[in-house]
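Student: what would the 3D arrangement of this be:
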Amino acid sequence: MPRSIRMTQYAHGGGCACKIPPGELEQAVAGLVGAGAGEHELLVGLDDGDDAAAVRLEGDTAIIATTDFFTPVVDDPYDWGRIAAANALSDVYAMGGRPVLAVNLLGWPRERLPTELLTEVLRGGATVASTAACHLAGGHSIDDPEPKYGLAVTGTGSAQRLLRLGSGEPGTPLSLTKPLGIGVLNTRHKATGERFEQAIQAMTALNRESSEAAVRAGLRCATDVTGFGLLGHLYKLARASGVTARVDPAAVPYLEGAREAAEQGFVSGGTRRNLDWVWPHTRWGASVGELDQLLLADAQTSGGLLVAGELPGAPVVGELTEASDSPLVVG
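Tutor: Residues are numbered from 1 along each chain as shown. Modelled structure (predicted):
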């Protein structure tokens with residue numbers, strides 16, 4: 001197999017850092033809230049920008065649907081497949097659901113990259129789907145100038161116990177289940193070819209156990225931390241819940257090497273756009289410097305869950321308080 005091929009060099013960006021900037025995206029979908037109609041009750045739609053959509057099928061059974069795909073975030077095609085699959089499944093976990101069925105979404109530059117690499121990408125996705133006990137059957141592929149891969153996922157959950165962005169309450173601690181720093185390490189990987197096992201391990205780890213623990217504990221509010229960074233996703237949560245979110249930068253965990261990568265300038269454009277978006281809505285403590293601001297806005301790929309409530313083994317990085325003049329307070 002041609003291992004000398006660097007997958008990240010075939011993409012203009014990488015992973016969830018390729019997302020359309022959050023402000024632009026919200027403008028694009030603003031008129032679509034409430035669009036469409038169906039036989040079953042829509043429980044979660046576009047209103048607050050939750051991680052997935054959900055309808056009530058019958059009784060307490062909710063069907064959860066999501067899709068996620070992106071360009072290569074690492075050079076190894078098998079690892080990229082695993083990361084993309086874990087990231088797509090995470091949206092179901094972020095809603096407190098269980099993934100049941102997924103299909104592949106694939107764009108491939110067939111005249112530029114060999115089929116052997118495509119097979120490795122699909123094998124990586126299948127490996128993670130199997131770990132999640134989620135059927136992966138078929139999908140759709142196109143000839144694309146830029147490689148893209150992900151999944152469309154359907155899951156189930158309790159209609160009464162879905163984890164929602166808008167269910168946060170003042171006085172609730174905020175738990176983060178994976179360390180930050182994935183974005184800056186991936187940016188460094190793309191620039192230098194260095195392999196960061198700690199980042200790959202974090203990105204391929206499923207959020208299943210954290211999701212199940214949150215549902216068992218009766219928690220109601222969560223999201224996963226991906227392309228909009230910790231601050232971007234937390235801003236959406238605070239806004240939807242009508243509260244202020246306070247972050248203690250000293251309590252936020254980071255992957256080994258993340259701060260060094262940021263200090264050396266390996267910061268994606270997506271991260272800087274995230275920071276620009278939350279800046280007008282954030283009150284910064286005097287001790288929070290530019291480096292910490294960028295790391296807190298770092299565009300994650302397949303990051304952890306941010307949960308309103310305490311989870312065993314997950315550090316508490318802040319709390320929700322009564323609404324103030326700023327939805328976010330850092331430091």
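
Student: CA only for contacts and neighbour counts going forward, please
Tutor: Noted.

Student: could I get the full set of helices for this structure?
Tutor: For the chain, helices defined by DSSP state H occupy the ranges 22-29, 77-94, 115-131, 182-192, 197-204, 208-216, 229-241, 258-263, 269-278, 290-296.

Student: which residues sit against the last one?
Tutor: It refers to helix 290-296. Residues outside helix 290-296 that contact it (CA atoms under 8 Å, 6 or more residues apart in numbering) are 180-181, 229-231, 249, 259, 262-263, 267, 271-272, 275.

Student: just among the residues you listed, which is most surrounded?
Tutor: For those, the largest neighbour count, defined by other CA atoms under 10 Å, is 31 neighbours, found at Leu180.

Student: which residues touch the nearest residue to that residue once chain neighbours are set aside?
Tutor: Using CA to CA, 6 or more residues apart in numbering and skipping residues adjacent in sequence, the residue nearest Leu180 is Tyr254, 4.7 Å away. Listed by CA under 8 Å, 6+ apart, the contact partners of Tyr254 are 179-181.

Student: only the buried residues of stretch 136-146, if you could.
Tutor: By 16 or more other CA atoms under 10 Å, the buried positions in stretch 136-146 come out as 136, 146.

Student: so for the chain, the centremost residue is which one?
Tutor: When the chain is reduced to its mean C-alpha position, the nearest residue by CA atoms, centre = their mean turns out to be Thr226, at 2.7 Å.

Student: was I right about it contacting Leu306?
Tutor: No - counting by CA atoms under 8 Å, Thr226 does not reach Leu306; the two are 10.3 Å apart.

Student: can you tell me how far Gly285 is from Asp248?
Tutor: Using CA to CA, to the nearest Å, we find Gly285 at a distance of 10 Å from Asp248.

Student: so between those two, which is more surrounded?
Tutor: Asp248 (15 against 12).

Student: residues near Leu255, how many?
Tutor: Around Leu255 there are 17 other residues, counting by other CA under 10 Å.

Student: so it versus Val267, what's the distance?
Tutor: Taking CA to CA as the measure, Leu255 falls 15 Å from Val267.

Student: ok, how many other residues are close to Thr119?
Tutor: Look at Thr119: counted by other CA under 10 Å, it has 13 neighbours.

Student: quick one: end-to-end distance for stretch 320-331.
Tutor: Separation of the first and last residues of stretch 320-331 by CA to CA is 14 Å.

Student: flag every buried residue along that stretch.
Tutor: Residues of stretch 320-331 classed as buried under the neighbour-count rule (16+ other CA under 10 Å) are 320-321, 323, 326-330.

Student: which ones among those map onto strands?
Tutor: The strands, defined by DSSP state E, take in 320-321, 328-330 from the buried residues of stretch 320-331.

Student: dump those residues to a markdown table, plus distance to Arg82 and pLDDT.
Tutor: Below are these laid out as a markdown table (distance: CA to CA, whole Å; pLDDT from 0 to 100):
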| residue | distance to Arg82 | pLDDT |
| --- | --- | --- |
| Leu320 | 33 | 98 |
| Thr321 | 37 | 98 |
| Leu328 | 33 | 97 |
| Val329 | 35 | 98 |
| Val330 | 33 | 98 |
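
Student: wait, doesn't Gly303 sit right on Leu176?
Tutor: No - the pair Gly303 / Leu176 is not scored as a contact, 9.5 Å apart, by CA under 8 Å.

Student: weakest of the helices of the chain by average pLDDT?
Tutor: Of all these, mean pLDDT reaches its minimum on helix 22-29 (a mean of 64).

Student: just want to check the distance between the nearest residue to Gly97 once chain neighbours are set aside and Ile63.
Tutor: Sequence neighbours aside, Gly157 is the residue nearest to Gly97 in space, at 4.4 Å (criterion: CA to CA, 6+ apart). Note on Gly157: its distance to Ile63, by CA to CA, is 7 Å.

Student: and the buried residues of stretch 320-331 as TSV, adding distance to Glu120?
Tutor: Putting these into TSV (distance: CA to CA, whole Å) gives the following:
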residue	distance to Glu120
Leu320	43
Thr321	46
Ala323	48
Ser326	46
Pro327	43
Leu328	42
Val329	44
Val330	42
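
Student: report the two of those residues separated the most.
Tutor: Greatest spatial distance among these (CA to CA): Ala323 and Val330, at 14.4 Å.

Student: for the helices of the chain, which one sits closest to Met7?
Tutor: Closest approach to Met7 among the helices of the chain (CA to CA): helix 77-94, 6.9 Å.

Student: send me the closest one as PDB with only the CA atoms.
Tutor: Extracted as PDB, the C-alpha positions of helix 77-94 are listed here (Å, rounded to 0.1, in the frame of the first residue of the first chain):
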ATOM      1  CA  PRO A  77      -6.500   6.600   5.800                       C
ATOM      2  CA  TYR A  78      -7.500   3.900   8.300                       C
ATOM      3  CA  ASP A  79      -7.200   6.400  11.200                       C
ATOM      4  CA  TRP A  80      -9.100   9.000   9.200                       C
ATOM      5  CA  GLY A  81     -11.900   6.500   8.700                       C
ATOM      6  CA  ARG A  82     -12.000   5.700  12.400                       C
ATOM      7  CA  ILE A  83     -12.000   9.400  13.400                       C
ATOM      8  CA  ALA A  84     -14.700  10.400  10.900                       C
ATOM      9  CA  ALA A  85     -17.000   7.500  12.100                       C
ATOM     10  CA  ALA A  86     -16.500   8.300  15.800                       C
ATOM     11  CA  ASN A  87     -17.200  11.900  15.100                       C
ATOM     12  CA  ALA A  88     -20.500  11.200  13.300                       C
ATOM     13  CA  LEU A  89     -21.600   8.700  15.900                       C
ATOM     14  CA  SER A  90     -20.900  11.400  18.600                       C
ATOM     15  CA  ASP A  91     -23.900  13.500  17.600                       C
ATOM     16  CA  VAL A  92     -26.200  10.700  18.600                       C
ATOM     17  CA  TYR A  93     -24.400  10.200  21.900                       C
ATOM     18  CA  ALA A  94     -24.500  14.000  22.500                       C
END
